[in-house]
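A.B. asks: with the sequence up front, the predicted model follows.
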Amino acid sequence: SQELEQSPQSLIVQEGKNLTINCTSSKTLYGLYWYKQKYGEGLIFLMMLQKGGEEKSHEKITAKLDEKKQQSSLHITASQPSHAGIYLCGAKKRGGSEKLVFGKGTKLTVNP
Amino acid sequence: NAGVTQTPKFQVLKTGQSMTLQCAQDMNHNSMYWYRQDPGMGLRLIYYSASEGTTDKGEVPNGYNVSRLNKREFSLRLESAAPSQTSVYFCASSATGTTQYFGPGTRLTVL
């Protein structure tokens, strides 16, 4: 079965610093989703990547999918306390299934 | 536009009790999902429904039943709760083949 590995598991940065979170699969990713979760709340959709080499940005967050479609990265530029939370990647299984498998998440703390 | 709503937000049960978690979406989505989230385990799919009247097992369906009451509503039932079912439960919905949108979650404790 497809598994998604996220790294690091947790990250503490000083406000203003850049950071990167990675999501890696042993199999080809068919639709890669990034979500953010604040403690005690639901998941908020950030971005979806589908094509190898694809890159999307929203405000200070950029997500990329590598050419082989087995690794995605989420990069935050000039982090702010509002970026703190848990970031999860999810991917569709092969065969067009609607089901998503998720990584275990990366907990981000941004210190002012 | 409320999106995906879940009730209740919090619940405490004793072992053996039953309860139903409710989920509704107002986005006219065909597909709906139930996940559980546990520390160190991430999100795991319990059941999903691709359309009204159909349901399918996910990764961890044992101990749960679901009902897709209509296009808007998808409920999750615990017939005889066990401490291992202590978790945070999330409902999600999506249009076919597109992004899943999540509800705020139900935090369930089984004593």
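C.D. replies: Here it is on my side, so go on.

A.B. asks: which residues touch residue B:96?
C.D. replies: Contacts for residue B:96 (CB atoms under 8 Å, 6 or more residues apart in numbering or on different chains) come out as A:98, B:30-31, B:50. The C-beta positions use only the backbone N, C-alpha and C, and glycine is treated the same way.

A.B. asks: so which bits of chain A are right by chain B?
C.D. replies: A:33, A:35, A:40-45, A:48, A:88, A:90, A:96, A:98-105 (CB under 8 Å from any CB of the partner chain).

A.B. asks: rewinding a little: max pairwise distance over the contacts of residue B:96: which two?
C.D. replies: The largest distance within these, taken as CB to CB, falls between A:98 and B:30 and amounts to 9.0 Å.

A.B. asks: what do the two both touch?
C.D. replies: B:50, B:94, B:96.

A.B. asks: just the residues you listed: which are in helices?
C.D. replies: Among the shared contacts of residue A:98 and residue B:30, DSSP state H puts none in helices.

A.B. asks: which SSE is the residue positioned nearest the centre of chain B in?
C.D. replies: Closest residue to the average C-alpha location of chain B: residue B:34 at 3.1 Å, with CA atoms, centre = their mean. Using DSSP states H and E, residue B:34 maps to strand B:31-38.

A.B. asks: what parts of chain B come near chain A?
C.D. replies: Counting by CB under 8 Å from any CB, chain B comes close to chain A at B:4, B:31, B:33, B:40-45, B:48, B:50, B:58, B:90, B:92, B:94, B:96-97, B:99-105, B:107.

A.B. asks: first vs last residue of stretch A:101-112, how far apart are they?
C.D. replies: By CA to CA, to the nearest Å, the extent of stretch A:101-112 from end to end equals 33 Å.

A.B. asks: how about the contacts made by residue B:83?
C.D. replies: B:15, B:110-111.

A.B. asks: highest neighbour count among these?
C.D. replies: residue B:110 (19 neighbours; other CB atoms under 10 Å in any protein chain shown).

A.B. asks: look at it and report its pLDDT.
C.D. replies: Looking at residue B:110, its pLDDT is 97.
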